[in-house]
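build me a model from this:
(chains A and B)
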Amino acid sequence: MNVSKKYFYLFAMTLVLGVTGCTKDSDFLEIPPNSIIPTETMFSDPALVLSVLGDLYNRQLDFSNFDQGWGSFADFSESLISDDGAYGYVQNTGWGYGAWGVDWKAAYTYIRELNLFIERDSASTKLTDADKARFLAEGRFLRANYYFELTKRYGGVPLILHSETYDYKGDPTYLQHPRAKESDMYDFIISEAEAIKDQLPANQNDKSRASKAAALAMEARAALYAGSIAKYGATTPAVSLPGGEVGIPASKANDYYQKALTAAQSIINGDAGPYKLYKVLPDLSDNFAAIFLDKSSVNQESIFITDYKALSGRTHSFTTNNQPFSVTDEPDDAGRIDPSLNLVESFEMLDNTFAPIPTVDGGGNPIYYDHPQDIFAGRDARLRGTVMTPFDQADPYRYKGAVLDIWAGYLLADGSVVTSGNAADQVALPGTTTKVQVVGKDGPINGVRYHTQTGFYIRKFIDPTIGSGRRGRGSDVPWIHYRYAEVLLNAAEAAFELGDPGTAAGYINQVRQRAGFTTDLTPAEITFDRIVHERRVELAFEGHILYDMRRWRLATSVWDGTATNLSDLRSNIGTAGKRSTQPWGLWPYRYYNPASPNNGKWVFREVLPSKVTGTNRFTLGNYYTFIGDDVRAANPKIVKQPNQ
Amino acid sequence: MKSYQGTFLQKCASTAYLALHRKRLLFSLILFFSFTLAGHAQNDTRVTVTGIVTDSVGAGIAQVTVSEKGTNNAVITGADGKFTIRVAGERSVLLFTSVGYSAYEVRVGKKTQLKIPLQQANKDLNEVVVVGYGTQKKASLTGAIATITSKDIDRVHGGATVSTTLAGKLPGVTYRMADGRPGGSAAIQIRNYGPALYVIDGIQQDEGQFNNLAPNDIESITILKDASAAIYGVRAANGVVVVQTKKGSIGRNNINVDAYAGWQNWFRFPKVLNNTYEYLYYKADAEVNSNIHVADPTKRTAITQDILDRAKSGTDPAYRSFDWRSFILANKNAPQNSVNVNINGGTDKVQYYVSGTTFYQNSQQGKEYMFRRSNIQSNITAKLADGLKVGMDINGRIETRENPGVPGLDDYWLARYAVLNNTPMDRPYANDNPNYLADMGSKQQTNYAYLNKRLAGVYHSDWRVLQSNFHVDYDIPGVKGLSVRGLYSYYIADYLLNNHEYTYNAYTYIDSTKTYKVTNGSTNPWREREQIKQINVTQQAQINYSNSFGDHNVGATVVAERISSRRTRNWIHASPVSNSLPLIYFPTADQYQDSDDKQARLGYIARVTYSYASRYFFEASVRRDASYLFAPGYRVGYFPGVSAGWRLTEEEWFSRLLGNHSPLSDLKIRASYGQLGDDRAPNGTDPIITPYSYLAGYNYNQGTAIIGGNPVTVSRDKGIPSTRFSWVKSKVTDIGIDYSLLNRKITGTFDYFYRKRDGLIASKNDVVVPLELGYNLPQENVNSDAQYGGEMSIAYNGNIRKVLINVSGNFSISRKKFLHSYRPVFNNSLDRYRNSGESRYTDIGWGYKCIGQFTSMDQINSYKVDIDGQGNRTLLPGDLIYQDVNGDGKIDGADQRPIGYGYGTQPNINFGFSIGAAYKGFDMHLDFSGAAGYTWYQNWESRWAFQGNGNLNTIFKDRWHRADPFDINSKWIPGKYPANRYNPGNGHSDYNVQSTFWLHNVRYLRARTLEIGYTLPGKIAKKAGMNRARVYINAYNLFSIDNLHQFNIDPEVIDDNSLEHPQSRVVNIGCNLTF
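Residues are numbered from 1 along each chain as shown, chains lettered A, B, ... in the order given. Below you'll find the model as predicted:
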């Protein structure tokens, strides 16, 4: 081989190795995707269909849920948010018409995907009939439940039941659908529930998928909403539209109440599985809190849940965000939801009466308590199951050996207060030199985030599992969409509205007995106020209050924009229309007067936390959420909401 | 393609090579014959010439190309300026060329020892400039191109990365270095087009690779600003930054050492109160104003005059002061240093440049926050035969970042936030005992005493990168001027992140028992590991032709190019049970992410150049590009470009017109127009659309659902496939003038440019489909925008007696306008006013116009316009008055007007100037740069007092306040800022909206580099065994003249809380040694 030949081969081989890819251009550019599954493949394997369905389950809507964070639990004067970014909840003087709306486009994207799911499942030839039928029923359940959520917010919306596609022909009018009547929405939800309930398993242990009981619970709640809108809508005739998109004729009320009662009773009678109230733990407060924690088969109260699981990538940060400051796992995360005194005082005395939290005696003099817990004595067990109170030794934090160190300072004989703006700060008291702690590790301190500012922390949904407050782990407490106690209360309300207080009392007393009430309410004692009250305390923070107050048309009374004073706070407890426009707090002080027998005892003051500068004002235009200009511009058949 | 039976080799060649399918055979033949001829081309009777090339002070100049005119015979001078070349004979003419110097020609004659003095000429016309896939003489350029060479780059010792060397150096390059942390980079863009394309030694690379080259290894950086970038096609629409690394040169082997050590101090950072008395005084003032009664609801403030008095006396231990700013920023004179050693030399057969560089930098916020980088560069070229060269360029680095394992996304943040968040009453250690970290309540995370590796854990990341380019050049004999080039490049980057954030305890000292009790800390361990592997492969084949026929010069280039990449990434998170476990174990892991993404692009490029008599220049190019991102059928785009130049001064009539005494020595008018394609997002580097948007189906792995207690990986429908779009097209027009005056002592350029982008993707919304349809209509190429402006530069090179002087300056301006969207629809006129972009400048912010401040309660009470939405009941003297533009008696969104240039944008105006002087062994350089036309907003810590219950930014000392803070009826005393409230957040009308009061259109001029050097006389250096020795002292960011100094922030900062890691002021000493 001569020199030139050697170089030629060297050069040529270099080109071969280095320059040419030996592939056609089109092959070079064709890169197969590694995480896209064709539709036909998807609907050929039940494991893959479940993968699609799992996403559809994840994207359900509720007023509150753990994926939305803590903000949705916060409003309506039921709590104050101790977070610098969230004081708007207590500083606004009302809500915009768009409040509580959803992203319309995202909502209908989800509906389209549900429609596609239903269509593709129906068209599948590779799935077994049993699988197809169950998937189909689940898709229809999710769709009906989602339309229910939209109806709660907007009244009637376009009811689209097939996936649509634009044909690029320039005329989109065939895609424009008007809003359905509000009653049509409820009729649809009810009829869907009836159609699918027997396609779904009557299995109370598979709570994360739709079941027969879930369908019936949805039906009962929807029918109850429809009935109450029909009945109480008559009190606000301005809240209606001539086309019926908003408002339901009063004549339909009884029919809906009857449907609600029938569906609820179907669950109560065991048609959908052996559901019952959770009664496991001896301490009724701990038992109440455990309803939301216990995912075992022992819990036959929860009907339909969104589940979470530690170490699976699907957890939430509710516990991280809201655990008491003194036992937080994260120095910069705790104590955001601080329940209000408004809520706390509405928990009844165990003798079925209502009373303010007793801070002063009849003469207006402060009451001195030996232990801070004494002031809460003799109340509904659900209080301490829902709210963490000062120095409570409730279960969630026993594992850390902690009691909640909630106290605002030393009250001196002259009425002045020794305290600090820093939690657990130590200051020498007058006449002494040794520094002592002058404010609770947990607060309350005005305006200092992550400590309580009302004197309370939330207990409902707080996870006592070690590590659940860590950002790196998170909590796996489930979100309960439907539970048996609500079914009972729905049945009670429907029966009451149908003029059957005896049946109503039977259901409501079951719920009350579980809360520690030993004296049943008689049928004569069942009033509208009682119905409203029972839902507020049983279902606090579960995302009901807004829709309840809307459907009863009470929202404009309860949140009328008028500031509240101490006597407002202490009066009319337990009445349905009681004004609640600002969240109050209750601050414990340690009395310091070595000369007095009361030295070291506890006194309490009602406090309007100073971050509360606004008042909640709900107007007629807030009864139905504003439908965006963009939505109506794109579909002129969508009529505007009333009073906006 | 015809079938072709043959060897594997031939098959491959036939399949794709150069896409010159039909000319394959001819081409092979030419190749074959040329090799054959080459083998016989050796002959003898040559003359050896040696010599030295020197600059005007007599120092040798390295890297000068010494070529025998009319041949391919060339060598390069060594570091001492010496060269040896064998030439044909006495009639040979030697041509000396070097970047930055005037070319020089000499006939060999009988001399065999030559001393060649080269004249420095920064902007000389014979300077060789890198253009796409080749080089050109500056005189023949027809595009808007700017170059900076190692001389200017090597002088900047202010930052870790290459981008930091470019401030004010190149007309048309916009610069903003908002974040000056160790290893940080400046944001640079070409004409604010968007992120540029980086091409390093012919290979397309990302910005990180560009930034982390060792500056010492860079020979030149060239900016292609107009259609001249079109040759780089795919992704070149925002301009191209072309980097050449240093190459070996023929001659003596040199060892060069460039070492420096520097001391960094933050240029500026907000100041806070550092004594308790002042803190309590301002806090009381703010609390009374805000009517917030922290801790005790019975009072406006818990602070009393008695407390203030005790705090002021300084004797009460309860009111001791702690100076957090000094405590946190204690690492003054934070070191940075760099050592580069390179060996450079070769023979006519082999030339090499081998270099190693280390760089280390830490921060004033703590010596445990550090960046370290080691680079190697090895460029070797071997001549295998006459006209045949092969080479291998290897570039590698290890880039390390290490700091305490701090909670939060950005581990550098908490330490700086701590400066503002901790008050003088907070103390880092319980009972001041350094063994016990203090419990600081909800400020625990900003207790700086725990932000160290011992308590917080360790964050450590490494990039390990290796780039190897293999290239072959062959000059085809027999066809004069024809050559071919092949290039294969393999790049692998490996990223490994290990982060372990520890659990820790914080203590409270219990005075009554004299004990320390654990009362706070973190029980949340965070352990993560991330691994990325990026592999890029580039293949290029190129044919060049260049020849002269009398006055006609023609050139042609044809290139085929394929670029592919693959990126794999995985990330795992765990919560270990103990701080002392360095590995990750499965039972504690809870999150895992995995991805494997590939990309592929290819292009065919052709360019022809023609010039006549150095007077008329013409160039045309076209690319055919294809990208994997688009649907089959939409993948290919064609992007042509043309440009022309006319040197008026070469025209006889023009010379006559000017006369003999004209100062104008050269004048060229040039113009270019080109289309460039882009498959990236309009202002980013991400793909213009999610890959595989053209496919239907389901995306797998869209989260997890727990079904029946078991995790299920979920999938989501991809939606309607998007097939109806393709490339974004950029059309760049550039008109420029290159001139020189006074016998080329003064040179400069002017440019005007207009870039119009068509085909920005958006949905066609003239057919308004109901939102209930449930999907967006697929995007199409419908919108357009424009970026336009101009640049100018001027430079003087000369001398006053023996002092060499060069002065240069440049100025650029560029602004972007949105042009048209596709038949926009607005719901009403306000919607149009607020949301239309049609024919408007982009990057405008909206806010209220502040027309003054209230001066009294009376004025507030009688003011007709509702400023705060609450009947003005929240207002105090000093509060802001907004203009009620629509006159409706209330201030709301409808009163907002465009203000400012947007948040975090690049400056619209950039400028720089430089002065250099040299006298005997001394040299001096002053580089300045500046910018304007961008906005900084005050917000958060820099908008209101005591943000987040923190300390007071001292700018708020100058505020409206009462004479006696405790007496709400005392007189109001005016100040600059509204009356302070205590941590008001967004709850007040002063603070909850953007307004002209809080935004500042920034202008600055800062001294970038000031350097004084001294080169030891040759004799002394020789005695020390060195050829050359230079020492210097160098200062970076010595001072700045700007309008943000009053806020104690660096003028380039973006973050509106003003807490960004600022740039540093750096003083370096260093030396350049040649052995």
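
alpha carbons only for contacts and neighbour counts from here, please
Fine.

residue 390: how many residues sit nearby?
Assuming you mean chain A. Close neighbours of A:P390, defined as other C-alpha atoms under 10 Å in any protein chain shown, add up to 25.

chain B was what I was after
Neighbourhood size, B:V390 [other C-alpha under 10 Å]: 21.

also the one 3 residues further on?
The burial metric for B:D393, expressed as a neighbour count using other C-alpha under 10 Å, is 21.

which ones are touching residue 164?
Just going to use chain A. Neighbour list for A:E164: A:R112, A:L175, B:L773 [criterion: C-alpha atoms under 8 Å, 6 or more residues apart in numbering or on different chains].

I was thinking of chain B, sorry if that wasn't clear
If you count contacts by C-alpha under 8 Å, 6+ apart, B:T164 has them with B:V156, B:G158, B:M177, B:S185, B:A186.

so the fourth one touches B:Y175, yeah?
Going back to what we said before, that points to B:S185. No. Counting by C-alpha atoms under 8 Å, B:S185 stays clear of B:Y175, with 10.3 Å between them.

so for the two, which residue has more residues nearby?
Shown here are B:S185 and B:Y175; by other C-alpha under 10 Å, B:Y175 has more neighbours (29 against 23).

got the contact list for the spatially closest residue to A:A540 that is not a sequence neighbour?
Closest residue in space to A:A540, ignoring its immediate chain neighbours: A:T386 at 7.7 Å, by C-alpha to C-alpha, 6 or more residues apart in numbering or on different chains. Residues near A:T386 by C-alpha under 8 Å, 6+ apart: A:S285, A:F288, A:A289, A:I458, A:R459, A:K460, A:A540.

what about those residues, which one has the most neighbours?
Greatest neighbour count in those, by other C-alpha under 10 Å, goes to A:R459: 27 neighbours.

contact partners for that residue?
Contacts of A:R459 by C-alpha under 8 Å, 6+ apart are A:A289, A:R384, A:G385, A:T386, A:V387, A:M388, A:P396.

among those residues, which lie within strands?
A:V387, A:M388 (DSSP state E).

neighbour-wise, which of the contacts of A:E164 leads?
Top of the contacts of A:E164 by neighbour number is A:R112, holding 24 neighbours under the definition other C-alpha under 10 Å.

ok, longest helix in chain A?
Using DSSP state H to define each element, chain A has its longest helix at helix A:129-154.

which residues does stretch A:597-608 contact?
Stretch A:597-608 has contacts (C-alpha under 8 Å, 6+ apart) with A:359, A:366-372, A:454, A:566, A:582-593, B:297.

make that stretch B:975-985, sorry
With C-alpha under 8 Å, 6+ apart as the test, stretch B:975-985 has contacts from A:84-85, B:283, B:285-290, B:292, B:853, B:876-880, B:940, B:944-949, B:956, B:958-961, B:990-992.

quick one, what contacts the residue nearest to A:V439 when sequence neighbours are not counted?
Nearest in space to A:V439, with sequence neighbours left out and distances taken as C-alpha to C-alpha, 6+ apart, is A:G409 at 4.7 Å. Neighbouring residues of A:G409 by C-alpha under 8 Å, 6+ apart: A:V417, A:V418, A:T419, A:S420, A:V438, A:V439, A:G440, A:P588, A:Y589, A:R590.

most neighbours among the residues you listed, which one is it?
A:V439 (29 neighbours).

would you verify that that residue is located in a helix?
No. Going by DSSP: H, G, I helix; E, B strand; the rest coil, the assignment for A:V439 is coil, not a helix.

that one and A:L411 touch, don't they?
No. Contact criterion C-alpha under 8 Å: A:V439 and A:L411 do not qualify, at 11.0 Å.

list the ones among the contacts of A:T386 that fall in helices.
Judged by DSSP H, helices contain the following of these: A:S285, A:F288, A:A289.

okay if I get the residues you listed as CSV plus pLDDT and distance to chain B?
Supplementary listing: the ones in helices among the contacts of A:T386 in CSV, determined by pLDDT from 0 to 100; distance: C-alpha to the nearest C-alpha, whole Å:
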residue, pLDDT, distance to chain B
A:S285, 93, 27
A:F288, 96, 23
A:A289, 93, 21
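
which of those lies closest to B:T713?
Nearest to B:T713 among those is A:A289, at 30.4 Å by C-alpha to C-alpha.

need the contact list for the closest one.
A:A289 neighbours (C-alpha under 8 Å, 6+ apart): A:G385, A:T386, A:R459, A:K460, A:F461.

gap between stretch A:131-144 and the chain center?
Put simply, stretch A:131-144 sits 24 Å off its chain's centre (C-alpha atoms, centre = their mean, to the nearest Å).

got the CA positions of that stretch in CSV?
Output in CSV follows, covering the C-alpha atoms of stretch A:131-144 (Å, rounded to 0.1, in the frame of the first residue of the first chain):
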residue,chain,number,x,y,z
ASP,A,131,-64.8,-4.1,33.0
LYS,A,132,-66.4,-1.9,30.3
ALA,A,133,-69.6,-1.5,32.3
ARG,A,134,-67.8,-0.6,35.5
PHE,A,135,-65.5,1.9,33.8
LEU,A,136,-68.4,3.4,31.9
ALA,A,137,-70.4,3.9,35.1
GLU,A,138,-67.4,5.4,36.8
GLY,A,139,-66.9,7.9,33.9
ARG,A,140,-70.6,8.8,34.1
PHE,A,141,-70.4,9.2,37.9
LEU,A,142,-67.4,11.6,37.6
ARG,A,143,-69.2,13.5,34.9
ALA,A,144,-72.4,13.9,36.8
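
what residue in the stretch 351-500 of chain B comes nearest to chain A?
Nearest residue of the stretch 351-500 of chain B to chain A: B:Y488, at 4.8 Å (C-alpha to the nearest C-alpha).

quickly find the element holding that residue.
Remark: B:Y488 resides in strand B:482-501, with elements defined by DSSP states H and E.

again with B:L95
Assessed by DSSP H and E, B:L95 sits inside strand B:93-98.

what about A:L159, which SS state?
Per three-state DSSP, A:L159 ends up coil.

quick check, pLDDT for it.
Looking at A:L159, its pLDDT is 97.

got phi/psi on the closest residue to it other than its chain neighbours?
Distances taken as C-alpha to C-alpha, 6+ apart put A:A180 closest to A:L159, at 6.3 Å, once the chain neighbours are dropped. Dihedral pair for A:A180: phi -70, psi 160, per degrees, to the nearest 10.
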